[in-house]
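A.B. asks: turn this into a structure:
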Amino acid sequence: MENHSFVTEFVLLGLSQNPSVQKIEFVVFLFVYTITMGGNMLIVVTIACSPALLGSPMYFFMVFLSLLDACFSYAMTPKMIVDLFYERKTISFQGCMIQLFSEHFFGGAEVIVLTAMAYDCYVAICKPLHYSSIMNRRLCYVLVGVAWTGGFLHSIIQILFTFQLPFCGPNVIDHFLCDLFPLLKLACTDTHIFGLLVVANSGSICIIIFSLLLVTYGVILFSLRKHSSEGRQKALSTCGSHVAVVVLFFVPCIFTYPRPPSAFSFDKMVALFYCTLSPLLNPLIYTFRNKEVKNAMRKLWKRVVLVSDEN
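C.D. replies: Now for the predicted structure:
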């Protein structure tokens, strides 16, 4: 696709231009990235090696969510960490488009997975007698396919619109990554309509699905009155983990996208949260609040130790 751009690369200002601060940022973000990838892949391996867990729709979606978090972090964070070594941080036009596509592809897929997990929770608590017939393996695969497809369609729309914009200079982005609103400020044309399209696409998706999820969990909590004390406590623990992950993911997105582009000084801080901290906290929330996952991790660890002792 041809676009009328004379810009071949963008210069990223990053979070700070202070060399001393950048050294601290390097250590912190490298640590966060290592824990994020390790935590998410540990969940994937643990559940994949536990047939009893993998057979449950909830853990099936949890594996997929952890994979998405790992992919999202891999697409965003390494570039930011490497840039901390350089005084002049650049990214090619093609690299910028790939980063933009990856961010919205994995983010869009995660929105659908979180919705699927909420539906799974609703069926398990509100329709327990029909759970196995409703949440069958075929439906789980269909929902995962919808997540991939939905993420791709959401992302490709953003890319197609962005490719139509002319970038003839300047090329300095006051951010640590390529995102829609920072790019709009650099386009050599009136981007008011495109800004509204971004709000309509990303913003409306965030608000509508977040509202739908809140209603779903509200219905679940209301229905818990009919359950026993033990069942209520277990359901609250499971739903509490889901709600925490949903809030961590959607609140920064709602702050960023459902509004016209403007120069909020803390936009970068919000982006930092959903790019680095959200993928880090998701596995921690699910691990610490889930006895079955912790027990599966202990069994996996014992197997690894046993195999290493035999060798």
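A.B. asks: tell me the secondary structure for F10?
C.D. replies: strand (DSSP: H, G, I helix; E, B strand; the rest coil).
A.B. asks: please report phi then psi for S228.
C.D. replies: Reported as degrees, to the nearest 10, the phi and psi values for S228 are phi -70, psi 170.
A.B. asks: burial check on it, number of neighbours?
C.D. replies: 9 (other C-beta atoms under 10 Å). C-beta coordinates here come from the backbone N, C-alpha and C atoms, glycine included.
A.B. asks: quick one: contacts for it?
C.D. replies: Not one residue lies near S228 by C-beta atoms under 8 Å, 6 or more residues apart in numbering.
A.B. asks: hang on, S223 packs against A124?
C.D. replies: No - at 10.9 Å, S223 and A124 do not qualify as touching, with contact defined as C-beta atoms under 8 Å.
A.B. asks: and for the two, which residues touch both?
C.D. replies: Joint contacts of S223 and A124 (C-beta under 8 Å, 6+ apart) do not exist.
A.B. asks: more neighbours: which of the two?
C.D. replies: Counted by other C-beta under 10 Å, S223 and A124 do not tie: A124 has more neighbours, with 19 against 14.
A.B. asks: my guess is the more buried one meets I134, correct?
C.D. replies: No - using C-beta under 8 Å, A124 makes no contact with I134, being 9.5 Å away.
A.B. asks: show me the helices in the stretch 1-150 of the chain, by range?
C.D. replies: 19-48, 51-54, 57-83, 93-126, 131-134, 137-163 (DSSP state H, counting those that start in this stretch).
A.B. asks: export the ones you listed as JSON lines, with columns for mean pLDDT.
C.D. replies: Putting the helices of the stretch 1-150 of the chain into JSON lines (pLDDT from 0 to 100) gives the following:
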{"stretch": "helix 19-48", "mean pLDDT": "90"}
{"stretch": "helix 51-54", "mean pLDDT": "80"}
{"stretch": "helix 57-83", "mean pLDDT": "91"}
{"stretch": "helix 93-126", "mean pLDDT": "90"}
{"stretch": "helix 131-134", "mean pLDDT": "90"}
{"stretch": "helix 137-163", "mean pLDDT": "91"}
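A.B. asks: now distance to G231 too, for these, in JSON lines please.
C.D. replies: Converted to JSON lines, these look like this (distance: least, C-beta to C-beta, whole Å):
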{"stretch": "helix 19-48", "distance to G231": "23"}
{"stretch": "helix 51-54", "distance to G231": "20"}
{"stretch": "helix 57-83", "distance to G231": "15"}
{"stretch": "helix 93-126", "distance to G231": "9"}
{"stretch": "helix 131-134", "distance to G231": "14"}
{"stretch": "helix 137-163", "distance to G231": "23"}
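A.B. asks: and S278, which of those helices is closest to it?
C.D. replies: Closest approach to S278 among those is made by helix 57-83 (7.6 Å; C-beta to C-beta).
A.B. asks: angle of the closest one against helix 93-126?
C.D. replies: 160 degrees (axes from the mean of the first three to the mean of the last three C-alpha atoms, to 10 degrees).
A.B. asks: remind me what helix 57-83 packs against, helices and strands.
C.D. replies: Packing partners of helix 57-83 (3 or more C-beta pairs under 8 Å, 6 or more residues apart in numbering; DSSP states H and E): helix 19-48, helix 51-54, helix 93-126, helix 137-163, helix 278-288, helix 291-310.
A.B. asks: buried sites along the one helix or strand L196 maps to?
C.D. replies: Taking DSSP states H and E as the definition, one finds L196 inside helix 192-198. In terms of neighbour count (16 or more other C-beta atoms under 10 Å), helix 192-198 has its buried residues at 194-195, 197-198.
A.B. asks: go on, stretch 36-56?
C.D. replies: Per 16+ other C-beta under 10 Å, stretch 36-56 contains these buried residues: 36-37, 39-40, 42-44, 46-47, 50, 53, 56.
A.B. asks: next: stretch 293-309.
C.D. replies: Under 16+ other C-beta under 10 Å, the buried positions of stretch 293-309 are 293, 296-297, 300.
A.B. asks: same deal with stretch 164-175?
C.D. replies: For stretch 164-175, the neighbour count (16+ other C-beta under 10 Å) marks 165, 167, 171, 173, 175 as buried.
A.B. asks: and the fourth one, what does it touch?
C.D. replies: Meaning I173. 10-13, 182-183, 186.
A.B. asks: between all of the residues you listed, which two are separated the most?
C.D. replies: The widest separation within those (C-beta to C-beta) is 13.8 Å, between L13 and L183.
A.B. asks: filter the contacts of I173 to the buried ones?
C.D. replies: 10, 12, 182-183, 186.
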